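Chemist: when you get a sec, could you give me coordinates for this:
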Amino acid sequence: MDNTSNTYRTPHAPVGLLADKVAFITGGGRGIGAAAARLFASEGARVVLAARTQEQLRAVTEEVRAAGGTADHVVCDLADAVSVRAAVDRAVQLHGRLDVAFNNGATFVPPGPMDQVREPDFDHVYAVNLKGPWLAMVAEVGAMRETTGGGAIVNNSSVGSLMGNPELPAYGAMKRALNSLTESAAITYGPEGIRVNAIAPGHTLTEMIRTWEAHSPGLGQRLVARTPLRRAADPTEIAQAAAWLLSDRASFVTGAVLRVDGGARA
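Modeler: Predicted structure coming up:
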């Protein structure tokens, strides 16, 4: 008996991994978000970048355009529901639809044990790193429902969410909660054709790591020593994983938290 489903057909290879997709990227002004903007555009997406710093957004947007890509940007405060909704709406206004979203934006607070975390810092990391992606997903799902009837979302978590995190307890807690939100969203919106996944980067050469190392000298060497590949990731390597999960090549992947950590948690 042939039990092969006839509901899936192997697509023809597109021009690019994200060809003809409209992509919304939070935290798009620097680091992994900026790398994602450049990569997604090179793979055929029309990208709309959102972050709080106009100058950084403008610089990345101009860089993408200079390379022949399509890019726009909108200033957005991830902790503010009205601002997040307006940013997602702007992507739809510009391009008529929303296909994929990379919720990458995050904040960082000084490292230290849990009893030394200041309450305002805890509240801030909650507002940006957990509430922010929740607000973004709600807006993105609404836009996808209204414009494409499907889509894909990737949330940027952290390998620090997969274990105890004594140096960054609030950061790790919010990222672990984000994993749970990702899985719940995957189950909730899968029947509508909206896939939701997360990536969990390891040691990556970003401003956050440089700031952390300023508080904890020798951090980079310690992280490299714990990584079987014996190096840090370039932000583009993290963006590559997000691009694949957002693409049609990952059409049967949802609810995953993909480690992109050089084997650190193997």
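Chemist: how about the strands in the stretch 151-266 of the chain?
Modeler: Secondary structure of the stretch 151-266 of the chain (DSSP state E, counting those that start in this stretch): strands at 151-156, 194-201, 257-260.
Chemist: taking strand 151-156 as reference, get the angle to the second one.
Modeler: Put plainly, it is strand 194-201. Orientation check (axes from the mean of the first three to the mean of the last three C-alpha atoms, to 10 degrees): strand 194-201 against strand 151-156 gives 20 degrees.
Chemist: off-centre distance for strand 194-201?
Modeler: The chain centre lies 8 Å from the centre of strand 194-201; the measure is C-alpha atoms, centre = their mean, to the nearest Å.
Chemist: same check on the first one?
Modeler: Between the mean C-alpha point of strand 151-156 and the mean C-alpha point of its chain there is a distance of 7 Å (C-alpha atoms, centre = their mean).
Chemist: C-alpha coordinates for that strand, PDB please?
Modeler: Presented in PDB, the C-alpha positions along strand 151-156 are these (Å, rounded to 0.1, in the frame of the first residue of the first chain):
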ATOM      1  CA  GLY A 151       4.200  32.500   6.700                       C
ATOM      2  CA  ALA A 152       7.100  31.800   9.000                       C
ATOM      3  CA  ILE A 153       8.500  33.400  12.100                       C
ATOM      4  CA  VAL A 154      11.900  32.900  13.700                       C
ATOM      5  CA  ASN A 155      12.700  34.100  17.200                       C
ATOM      6  CA  ASN A 156      16.300  34.700  18.300                       C
END
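Chemist: could you say what helices and strands it packs with?
Modeler: Counting contacts by 3 or more C-beta pairs under 8 Å, 6 or more residues apart in numbering; DSSP states H and E, strand 151-156 packs against strand 100-103, helix 132-147, helix 169-189, strand 194-201, helix 235-246. Just so you know, the C-beta spots here come from the backbone N, C-alpha and C atoms, and that holds for glycine as well.
Chemist: please repeat the previous calculation with a cut-off of 6 Å.
Modeler: Using 3 or more C-beta pairs under 6 Å, 6 or more residues apart in numbering; DSSP states H and E as the contact test, the elements touching strand 151-156 are strand 100-103, helix 132-147, strand 194-201, helix 235-246.
Chemist: go on, the second one?
Modeler: Using 3+ C-beta pairs under 6 Å, 6+ apart, the elements in contact with strand 194-201 are strand 151-156, helix 169-189, helix 235-246, strand 257-260.
Chemist: the strands of the stretch 151-266 of the chain: which one's closest to Arg65?
Modeler: Among the strands of the stretch 151-266 of the chain, the nearest to Arg65 by C-beta to C-beta is strand 151-156 (23.6 Å).
Chemist: quick one: strands adjacent to that closest one?
Modeler: strand 100-103 (parallel), strand 194-201 (parallel) (DSSP bridges).
Chemist: go through the helices and strands packed on strand 194-201 and name the closest to His124.
Modeler: So among the helices and strands packed on strand 194-201, helix 169-189 is nearest, using C-beta to C-beta, at 9.0 Å.
Chemist: got the CA coordinates for that closest one in PDB?
Modeler: Presented in PDB, the C-alpha positions along helix 169-189 are these (Å, rounded to 0.1, in the frame of the first residue of the first chain):
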ATOM      1  CA  PRO A 169      20.100  35.000  35.100                       C
ATOM      2  CA  ALA A 170      17.400  37.500  33.900                       C
ATOM      3  CA  TYR A 171      18.600  37.300  30.300                       C
ATOM      4  CA  GLY A 172      18.600  33.400  30.400                       C
ATOM      5  CA  ALA A 173      15.200  33.300  32.000                       C
ATOM      6  CA  MET A 174      13.600  35.500  29.400                       C
ATOM      7  CA  LYS A 175      15.200  33.600  26.500                       C
ATOM      8  CA  ARG A 176      14.000  30.300  28.100                       C
ATOM      9  CA  ALA A 177      10.500  31.700  28.300                       C
ATOM     10  CA  LEU A 178      10.800  32.800  24.700                       C
ATOM     11  CA  ASN A 179      11.500  29.200  23.700                       C
ATOM     12  CA  SER A 180       8.200  28.300  25.400                       C
ATOM     13  CA  LEU A 181       6.300  31.000  23.600                       C
ATOM     14  CA  THR A 182       7.800  29.800  20.300                       C
ATOM     15  CA  GLU A 183       6.600  26.200  20.900                       C
ATOM     16  CA  SER A 184       3.200  27.400  21.900                       C
ATOM     17  CA  ALA A 185       2.900  29.600  18.900                       C
ATOM     18  CA  ALA A 186       4.000  26.800  16.600                       C
ATOM     19  CA  ILE A 187       1.200  24.600  17.900                       C
ATOM     20  CA  THR A 188      -1.400  27.400  17.800                       C
ATOM     21  CA  TYR A 189      -0.700  28.700  14.300                       C
END
